[in-house]
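> make a model of this:
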Amino acid sequence: MNGYAYFAEYYDVLTQNVGYEERAEYLLSLLKRHHHTAGLTLDLACGTGSLTLALHRRGVDVFGADASSEMLSMAQQKFMEDDRQTLFLCQKMQDLTLYAPVHTCFCTLDSINHLPSAEDVVRTFRRIADNLEDDGLLVFDCNTVYKHRHILGDNCYIYDTPEVFCAWQNSYFEEQDEVVITLDFFEPDGNGQRYRRYTEQFSERAYTEDVMETMLKQAGLVTEAIYDDLCFSAPRPETQREIFVVRKMNHV
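Okay, the predicted model is just below:
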């Protein structure tokens, strides 16, 4: 199985508190605030498609892209169960290549943090810019340096559900504000007397606002606003997730 294979299987169980409907409403109100019509919209790093579906239900012409075929399989299943259809592309963010430019790109739930290096972040921003129409809007969020240092850090979390027992362990590396995440899944067998164990590991890197804006500028993107999560207030020192609203300027 590829990366996020087992995580994909239990992703929805472990993220029941995300609030995709609320996030979809917020993103659409954000577009309105910035006088932007969604038009053809990409949900980049869409995962299992919960946000894609929430946006589609609200009339957005949206499709998804993700590097995990396992995640996309679940996303497609959700659309089928809701009697809806859309396109899903299996692509890495760094290699994004679309059949036509989009007017809006959403990239949520810290997907940018999951890129392995700053070079990958810049490359991703450039691929997004190349696939955005002039005056197109990129909206993405990211975990902050504060969250990495004071919330995630070297902490551990336990998720105990009927479907799976998950031990979530973080290892923090201050020099690069990187958190290495190890997930151990314990899946009960048919009679509940034994468990199968699966392990996955990935990392997240956090960047300051100044560094992030510099990387955006290198890709030809201009930051219009930075908000605290799910609101229109400016980020605070203890903000854990920031929302970036970024514009691709018209070519002269």
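
> does residue 224 sit in a helix or strand, and which one?
According to DSSP states H and E, residue 224 maps onto strand 221-228.

> so which elements touch that strand?
If contacts are counted by 3 or more Cβ pairs under 8 Å, 6 or more residues apart in numbering; DSSP states H and E, strand 221-228 sits against helix 118-130, helix 209-218, strand 241-248. Bear in mind the C-beta positions are built from the backbone N, C-alpha and C, glycine included.

> and the last one, which residues are buried?
Using 16 or more other Cβ atoms under 10 Å as the test for burial, strand 241-248 gives 241, 242, 243, 244, 245, 246, 247, 248.

> angle of it against helix 118-130?
50 degrees (axes from the mean of the first three to the mean of the last three Cα atoms, to 10 degrees).

> who does strand 241-248 touch, helix- and strand-wise?
Using 3+ Cβ pairs under 8 Å, 6+ apart, strand 241-248 is in contact with strand 132-143, helix 209-218, strand 221-228.

> flag the shaky bits of this structure, pLDDT-wise.
1-6, 12-13, 190-192, 251-252 (pLDDT under 70).

> go again using 80 as the cut-off
Across the chain, the ranges flagged by pLDDT under 80 are 1-17, 162-164, 188-194, 250-252.

> which segments of it make up each domain?
5-143+207-248, 147-205 (automatic domain parsing).

> mind listing the helices for the stretch 51-200 of the chain?
Along the stretch 51-200 of the chain, counting by DSSP state H, counting those that start in this stretch, helices occupy 69-81, 118-130, 145-147.

> give me the contacts around the second one.
Under the contact criterion Cβ atoms under 8 Å, 6 or more residues apart in numbering, helix 118-130 has outside partners 44, 93-97, 105, 107, 112, 115, 138, 205, 207, 211, 215-216, 218-221, 248.

> mind listing what's buried in it?
For helix 118-130, the neighbour count (16+ other Cβ under 10 Å) marks 120, 121, 122, 123, 124, 125, 126, 127, 128, 129 as buried.

> would you mind giving these as TSV with distance to residue 237 added?
As requested, these are exported to TSV (distance: Cβ to Cβ, whole Å):
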residue	distance to residue 237
120	27
121	23
122	26
123	30
124	27
125	25
126	31
127	32
128	29
129	30
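
> and the furthest pair within these?
Using Cβ to Cβ, the buried residues of helix 118-130 span at most 14.9 Å, a distance reached by 120 and 129.

> quick one: contacts for residue 115?
So residue 115 contacts 93, 94, 121, 124, 205 (Cβ under 8 Å, 6+ apart).

> same list (those residues) but as a markdown table, adding distance to residue 25.
Output for the contacts of residue 115, formatted as a markdown table (distance: Cβ to Cβ, whole Å):
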| residue | distance to residue 25 |
| --- | --- |
| 93 | 25 |
| 94 | 30 |
| 121 | 28 |
| 124 | 26 |
| 205 | 29 |
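
> and the residues you listed, which is closest to residue 157?
Once Cβ to Cβ is applied, the member of the contacts of residue 115 that ends up nearest residue 157 is residue 205, at 19.5 Å.

> could you export the strand holding residue 224 as PDB, CA atoms only?
Provided in PDB are the C-alpha atoms of strand 221-228 (Å, rounded to 0.1, in the frame of the first residue of the first chain):
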ATOM      1  CA  LEU A 221       1.200  34.900  -5.900                       C
ATOM      2  CA  VAL A 222       0.100  37.900  -3.800                       C
ATOM      3  CA  THR A 223      -1.300  37.600  -0.300                       C
ATOM      4  CA  GLU A 224      -4.600  39.500   0.200                       C
ATOM      5  CA  ALA A 225      -5.300  38.500   3.800                       C
ATOM      6  CA  ILE A 226      -4.400  36.200   6.600                       C
ATOM      7  CA  TYR A 227      -7.100  35.200   9.100                       C
ATOM      8  CA  ASP A 228      -7.400  33.100  12.200                       C
END
